[in-house]
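K.L.:
got a sequence here, can you model it:
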Amino acid sequence: MCLPTHPLLAIARMTGNPVIASETATFIRQGKTDPLNPNRIWNGIKAYNHYFYMPRSGPTPLVKSVKGVARGLVSRHKLPTKEFVVGDNRTVYLYQPAVKTPVPLVVVYDGPDYLKRGRLNVIVDNLIAAQRIRPFAMAMVQNGGQARSLEYSGGHNYTIVCSKHRSTQYNKE
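P.N.:
Numbers count the residues shown, from 1 in each chain. Below you'll find the model as predicted:
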């Protein structure tokens, strides 16, 4: 399939950035300045990402609240972390879908970013309403700042914290 060449695609190819061959793709150039592209979004870690949409693409409509779609409940809690990771506690947002039956739990690292900037709860609500996914709960965990890499590597101490507190009743803020 031969696609029209977008000027920004040509730049992406020349600079070694990955290019998705689709007319409906979104391209993101992470953490690097792109003087030819004014479209940018804060990435949450001290830099902006530049982005553009292909001709027949755009932001997903799933991030918009739809009238009549049942909304899950999001609550904010503090998880005591003691001496195992940076800080004494960690913010965790819990999402419970608008169903009364037990559901699986998905743990989302960098959770507050996905909740606030990515509107993950709205996307999940819309996908559940469209019956594109089955309902699930989410624990959206704040990253550990300096200990972020350790946590994401599944280090021994972080595993102990998770297993020690998985059944603990958290203090609601």
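K.L.:
domain parsing for the chain?
P.N.:
Taking automatic domain parsing as the domain assignment, the ranges for the chain are 7-58, 73-172.
K.L.:
least reliable of those domains by average pLDDT, please.
P.N.:
For those, mean pLDDT drops lowest on domain 7-58, to a mean of 66.
K.L.:
in contact with Thr33, which residues?
P.N.:
Taking CB atoms under 8 Å, 6 or more residues apart in numbering as the criterion, Thr33 is in contact with His50. Any C-beta I mention is one placed from the backbone N, CA and C, and that applies to glycine too.
K.L.:
any idea how far Arg76 lies from Ala129?
P.N.:
Using CB to CB, to the nearest Å, one gets 24 Å for the distance from Arg76 to Ala129.
K.L.:
for Lys116, same thing?
P.N.:
Per CB to CB, Lys116 is found 21 Å from Ala129.
K.L.:
and what of Asn89?
P.N.:
As judged by CB to CB, Asn89 and Ala129 stand 34 Å apart.
K.L.:
what do you get for Thr91?
P.N.:
Computed as CB to CB, the Thr91 to Ala129 distance reads 28 Å.
K.L.:
isn't Asn39 right next to His50, touching?
P.N.:
Yes. Asn39 is in contact with His50 according to CB atoms under 8 Å; the separation is 6.2 Å.
K.L.:
which one's more surrounded, the two?
P.N.:
Neighbours per residue (other CB atoms under 10 Å) separate Asn39 from His50, with His50 holding more: 21 against 13.
K.L.:
the residue nearest to that one when sequence neighbours are not counted: what secondary structure?
P.N.:
The shortest distance from His50 to any non-neighbouring residue, by CB to CB, 6 or more residues apart in numbering, is to Asp34 (4.1 Å). Under DSSP: H, G, I helix; E, B strand; the rest coil, the three-state class of Asp34 is coil.
K.L.:
check the one 10 residues further on too.
P.N.:
At Gly44, secondary structure determined by three-state DSSP is coil.
K.L.:
from Gln131, how far off is it?
P.N.:
Between Gly44 and Gln131 the distance is 32 Å, computed by CB to CB.
K.L.:
wait, the residue nearest to His50 touches Phe52, no?
P.N.:
No. Judged on CB under 8 Å, Asp34 makes no contact with Phe52 at a distance of 9.2 Å.
K.L.:
tell me which stretches of this protein form helices.
P.N.:
Here the chain has its helices, by DSSP state H, at 7-14, 111-116, 120-129, 148-152, 156-165.
K.L.:
the second one: which residues count as buried?
P.N.:
Taking 16 or more other CB atoms under 10 Å as the basis for neighbour counts, the residues of helix 111-116 that come out buried are Gly111, Pro112, Asp113, Tyr114, Leu115.
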